[in-house]
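[1] Compute the structure for the input listed below.
(chains A and B)
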Number of protein chains: 2
Amino acid sequence: MNASVNLPSDFLTTIQNIVGEQRVKTDSDTLVTWGKDHTKHFDPNPSVVVFPATTEEVAELVKTANQFNIAITPSGGRTGLSAGAVASNGEMVISLDRMNKVLNFYPADRMVHIQAGMITEQLQEYAESQGMYYPVDFASAGSSQIGGNIGTNAGGIKVIKYGMTRNWVLGLTVVTGKGDILHLNKGMIKNATGYALQHLFIGGEGTLGIVTEAEIKLERQPQDLQVLVLGVPDFDAVMPVLHAFQSKIDLTAFEFFGELAMQKVLDNGHVQRPFESTCPFYVLLEFEAPFEPIMDKAMELFEHCMEQGWVLDGVMSQNLEQVQNLWRLREDISESIAPFTPYKNDISVLITHVPAFIAEIDQIVTENYPDFEICWFGHIGDGNLHLNILKPADLSKDEFFAKCQVVNKYVFETVKKYNGSISAEHGVGMTKKPYLDYTRSDTEIGYMKALKQVFDPNNVMNPGKLFDL
Amino acid sequence: MNASVNLPSDFLTTIQNIVGEQRVKTDSDTLVTWGKDHTKHFDPNPSVVVFPATTEEVAELVKTANQFNIAITPSGGRTGLSAGAVASNGEMVISLDRMNKVLNFYPADRMVHIQAGMITEQLQEYAESQGMYYPVDFASAGSSQIGGNIGTNAGGIKVIKYGMTRNWVLGLTVVTGKGDILHLNKGMIKNATGYALQHLFIGGEGTLGIVTEAEIKLERQPQDLQVLVLGVPDFDAVMPVLHAFQSKIDLTAFEFFGELAMQKVLDNGHVQRPFESTCPFYVLLEFEAPFEPIMDKAMELFEHCMEQGWVLDGVMSQNLEQVQNLWRLREDISESIAPFTPYKNDISVLITHVPAFIAEIDQIVTENYPDFEICWFGHIGDGNLHLNILKPADLSKDEFFAKCQVVNKYVFETVKKYNGSISAEHGVGMTKKPYLDYTRSDTEIGYMKALKQVFDPNNVMNPGKLFDL
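    All right, here's what the predicted structure looks like:
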């Protein structure tokens, strides 16, 4: 497969002149690899993959794309789960792989200025090397890029304390769909000079422009993290447990998972059940405990929750190894259920509505598809639920996915009923595009399309993602 | 003064039908009072002041303004310092005064849904009544409204720990300049479904639409706050002190002020000098100390800073009364210098650049206006400096302000040199409008104007503020 023959030859010459001949690839291996993300629903089919080194080169590429009317797919670590970075329609892929440098470090501001192609884990490691901490973390941090994190406003497992990627962006350099270079907010904490344009590019999925550099805020390193895993009798008990702990201790994580998820992780054989009791649901709490009285307070809260009947059993970490093993109970879920071809949804409702929401979805699936197993887990501290339906062994993949599409409709109708989000942290891309109006009103979508027109009048930036014009 | 005679009578009838006759005011007292904010540069001259009670009424008013081509000035607590809420050109003022209710409280989400006309202090008190905390705080919190805080992305004295107003907005209901009602983000922490439109209205100064309701995140109450006031030998010593404390203790405030500010506060007679030494500059640190080891750590850091020569003298609060008195050294500055007709600038640069920036400005003013006194103070923990030039007694007000305008140019050129902001937390409004391009590029301003066109095509929303079309 080599679709580059469709490209005008003077277009190829022009972009070779911008980035150098060896940075323009049209071989089929490159096209396939850089044309896809972690989704499998769409076949990659870009025309050309380009590897610029500077913001100025990106701007020249975007201007050239406008001249020749060539669509662009911005490309980071390609770990997305919504096909936001899939090039399936002859696009020019602009990969940020070479733009992975630290440009400047400002210790007094606790801020680092980086290129957007830096791997998330590299930023975490750089922060650590400076005695600091970058708190956005999730399973794919080892290959995702900061530019992609910004494009989808990535969240992850520490959001309850540290917030989303958006909270850590103090400035952005972007190339708009028109090819303009904007230096937005320039690292300031306080800047009240008109519209905060950077916030449109954060979560904009590359449809308004390409993020090429970012000023990122860092935090002090967490001290003496401790983990509690508690078994609860039903989902309704999760909320008072959250409330009790949160009012006394600053939690850095509050995760939950069901017994089915626990079983799948245990079946994998790497970790053991944390305590004897089998419980319908589990919560994992993490907090800093640099002072002895905090541990005393945690034990007191644990006992209080037991007395109230909100908690059936539990365990607290005694050392770093136990912290890591307890975290694996939660973090290994995705990998452990992968062999069951899970159908994934990443949804969000107010924490207040989570118990009723889960009960309704469970009922819908049980009634319509009694042979389906639902594996619930998620970042309950911020209302983000990962709903994974496991494929029954005797059902073909196609039949399973077809049935899941039907379930989808019920799920998203329930999301809409509770004023929730059809995509909490995975973005819309192509996979959630048909469902956007379950979360955003038609009027809102109308304004979004008008904003797209402002920044990208020729619709060259990641067309076909988020919405169709 | 009663300009309402200029309004078409069917316009007045229409808006009376929307909100009720007694909610439409054209008497001169009302026009003058609701037509101005805390600035004195522009004379108030609205045509009519309207007091709607619901989002729907606001939407009807905006639609009517579009039909009749009447400009709107959205009006909150009118405590602004940039003339963003001044109606000087026959506008219809839409006051949110009656929209001051709590609509819903979500304890599990730590969130409250309010109308935008609620006074900031009322929200703080409501949070407290629920055992929670709303951390955005500043001198005018007793009369400013949340809608205005959102419109200017208000900051204040706790930003170093808690961030700006933006961080606490989980959802907005807005009426756009076209009269559309949008429910943006609906209180979710995680919602990756396209452009985060709410962030345009936050800091948008009412030029894109009117914020009518907000979902506001609350925080746990701070525990056992302690305050340290330290005297430092020169500005360069401030940074290592910040760095030393910040790496060990989570600061809730890090404020600074010069000896001149200290003198003016002491002259006022309400508080005493915190320690014997007279120092060029002072810093005030605040932190939570619910556990004894934190106080020990603070004492250790204090001694370390003394040994290094970064600190000349200092005092730590021993009880709540001392906490309050130490805070007055900083909080009483504005009031204490008011008799000196201060010319105020509210600027921001990276913390890294603050020492060089202050030195340059001091030099410029000393060289050009040796009789001017500069009173420096500000939220140094986030790079926000309040630069106040005091009027010499023998200079007329007009002459003084004329000279300050010349100084302004130097100040803003220095701001630009350091990539800073000409307005850190006061907004642009009319007073900073001529200087917007010192912080935002012409290309950025071009995009801002295009966004304005999207949300407010007839330019009815707060025209003449932020920029001219």
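[2] Spell out which residues of the stretch 251-400 of chain A are next to chain B.
    A:290-291, A:293-294, A:348-352, A:379, A:382-384 (CB under 8 Å from any CB of the partner chain). The C-beta positions use only the backbone N, C-alpha and C, and glycine is treated the same way.
[3] Return a PyMOL selection command for the buried portion of the residues you listed.
    Applying 16 or more other CB atoms under 10 Å in any protein chain shown to these, the buried members can be selected in PyMOL as follows:
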select buried, chain A and resi 291+294+348+349+350+351+352+379+382+383+384
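[4] From the residues of the stretch 251-400 of chain A next to chain B, which land in helices?
    Among those, the ones falling in helices (DSSP state H) are A:293, A:294.
[5] Out of the residues of the stretch 251-400 of chain A next to chain B, which comes closest to residue A:416?
    Here the nearest of those to residue A:416, counting by CB to CB, is residue A:349; it sits at 10.1 Å.
[6] which stretches of the stretch 1-150 of chain A form helices?
    Ranges of helices in the stretch 1-150 of chain A, per DSSP state H, counting those that start in this stretch, are A:9-19, A:28-34, A:55-68, A:120-129, A:146-152.
[7] So what would you say the end-to-end distance of stretch A:213-229 is?
    Between the opening and closing residues of stretch A:213-229 we find a distance of 39 Å, counting by CA to CA, to the nearest Å.
[8] List the buried residues for that stretch?
    Under 16+ other CB under 10 Å, the buried positions of stretch A:213-229 are A:213-219, A:222, A:225-229.
[9] Then stretch A:427-447?
    Buried positions in stretch A:427-447, judged by neighbour count with 16+ other CB under 10 Å: A:427-433, A:435-436, A:438-440, A:444-445, A:447.
[10] sorry, back to before: with pLDDT as extra columns, can I get the residues of the stretch 251-400 of chain A next to chain B in CSV?
    Compiled in CSV, those are given as follows (pLDDT from 0 to 100):
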residue, pLDDT
A:290, 91
A:291, 89
A:293, 90
A:294, 93
A:348, 96
A:349, 97
A:350, 97
A:351, 94
A:352, 94
A:379, 91
A:382, 91
A:383, 93
A:384, 94
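[11] Please name the bridge partners of residue A:345.
    Residues in a beta bridge with residue A:345, per DSSP bridges, are residue A:387.
[12] can I assume it is in contact with residue A:410?
    No - counting by CB atoms under 8 Å, residue A:345 stays clear of residue A:410, with 11.0 Å between them.
[13] So for the residue in the stretch 151-300 of chain A that chain B sits nearest to, what's the nearest residue that isn't a sequence neighbour?
    Nearest to chain B in the stretch 151-300 of chain A, going by CB to the nearest CB, is residue A:199, at a distance of 3.4 Å. For residue A:199, the nearest residue in space outside its immediate sequence neighbours is residue B:199; the separation is 3.4 Å by CB to CB, 6 or more residues apart in numbering or on different chains.
[14] Please report the number of neighbouring residues for the one you found.
    Other residues near residue B:199 number 24, with proximity taken as other CB atoms under 10 Å in any protein chain shown.
[15] wait, what's in contact with it?
    A:196, A:199, A:200, B:166 (CB atoms under 8 Å, 6 or more residues apart in numbering or on different chains).
[16] List the buried residues of the biggest helix by length in chain A.
    Ranked by residue count and defined by DSSP H, the top helix of chain A is helix A:397-417. By 16+ other CB under 10 Å, the buried positions in helix A:397-417 come out as A:400, A:401, A:403, A:404, A:407, A:408, A:410, A:411, A:412, A:414, A:415.
[17] One more: stretch A:17-37?
    Buried-residue list, stretch A:17-37, by 16+ other CB under 10 Å: A:18, A:19, A:23, A:24, A:25, A:26, A:30, A:31, A:34, A:35, A:36, A:37.
[18] I figured the last one hits residue A:87, correct?
    This points to residue A:37. No - checked against CB under 8 Å, the pair residue A:37 and residue A:87 is beyond contact range at 9.6 Å.
[19] how many neighbours does the closest residue to residue A:311 other than its chain neighbours have?
    The spatially closest residue to residue A:311, leaving aside those adjacent along the chain, is residue A:305, at 4.1 Å (CB to CB, 6+ apart). Applying other CB under 10 Å, we find 22 residues neighbouring residue A:305.
[20] And residue A:305, what's its pLDDT?
    Residue A:305 is assigned a predicted lDDT (pLDDT) of 97.
[21] mind checking how far the helix or strand containing it is from the chain centre?
    Using DSSP states H and E, the element containing residue A:305 is helix A:292-307. Here helix A:292-307 shows a centroid-to-chain-centroid distance of 33 Å under the convention CA atoms, centre = their mean, to the nearest Å.
[22] Relative to the following helix or strand past that helix, what are the paired strands and their orientations?
    Using DSSP H and E, the next helix or strand after helix A:292-307 towards the C-terminus is strand A:313-316. Each strand that pairs with strand A:313-316, with its direction, by DSSP bridges: strand A:225-232 (antiparallel).
[23] Mind checking what helix or strand follows the partner strand in sequence?
    Proceeding C-terminally, strand A:225-232 gives way to helix A:238-246 as the next helix or strand, assigned by DSSP H and E.
[24] Taking their axis directions, that next one and strand A:225-232 sit at what angle?
    Following axes from the mean of the first three to the mean of the last three CA atoms, to 10 degrees, one obtains 150 degrees for the angle between helix A:238-246 and strand A:225-232.
[25] for the record, mean pLDDT for helix A:238-246?
    Averaging the model's pLDDT scores along helix A:238-246 yields 93.
[26] The longest helix of chain A packs against which elements?
    strand A:343-348, helix A:354-368, strand A:384-390 (3 or more CB pairs under 8 Å, 6 or more residues apart in numbering or on different chains; DSSP states H and E).
[27] just the angle between that helix and strand A:343-348, please?
    Between helix A:397-417 and strand A:343-348, the angle comes out at 10 degrees (the same axes, to 10 degrees).
[28] report the angle between the axes of the next helix-or-strand element following helix A:397-417 and helix B:442-455?
    Proceeding C-terminally, helix A:397-417 gives way to helix A:442-455 as the next helix or strand, assigned by DSSP H and E. Using the same axes, to 10 degrees, the direction of helix A:442-455 lies 150 degrees away from that of helix B:442-455.
[29] how far does helix A:442-455 sit from the chain's center?
    Taking CA atoms, centre = their mean, the mean C-alpha location of helix A:442-455 is offset from the chain mean by 23 Å.
[30] Contacts only, for the residue nearest to residue A:311.
    Taking CB under 8 Å, 6+ apart as the contact definition, residue A:305 lies against A:230, A:240, A:241, A:244, A:311.
[31] now residue A:70
    With contact taken as CB under 8 Å, 6+ apart, residue A:70 is in contact with A:7, A:11, A:47, A:64, A:91, A:92, A:460.
[32] now with 6 Å?
    Counting by CB atoms under 6 Å, 6 or more residues apart in numbering or on different chains, residue A:70 makes contact with residue A:92.
[33] How about the one 3 residues further on?
    Contacts of residue A:73 were listed using CB under 6 Å, 6+ apart, and they are A:87, A:91, A:93, A:462.
[34] What sits closest to it if chain neighbours are left out?
    Closest residue in space to residue A:73, ignoring its immediate chain neighbours: residue A:87 at 3.9 Å, by CB to CB, 6+ apart.
[35] wait, that neighbour sits on residue A:36?
    No - taking contacts as CB atoms under 6 Å, residue A:87 lies outside contact range of residue A:36: 7.8 Å.
[36] right, and residue A:99 touches residue A:115 too?
    Yes - in this structure, residue A:99 is within contact of residue A:115 by CB under 6 Å, at 3.9 Å.
[37] Now the closest residue to residue A:201 other than its chain neighbours, what are its backbone angles?
    Nearest-residue entry for residue A:201: residue A:174, 5.2 Å, with adjacent residues in sequence omitted and distances by CB to CB, 6+ apart. Comment: the main-chain dihedrals of residue A:174 come out as phi -130, psi 150, following degrees, to the nearest 10.
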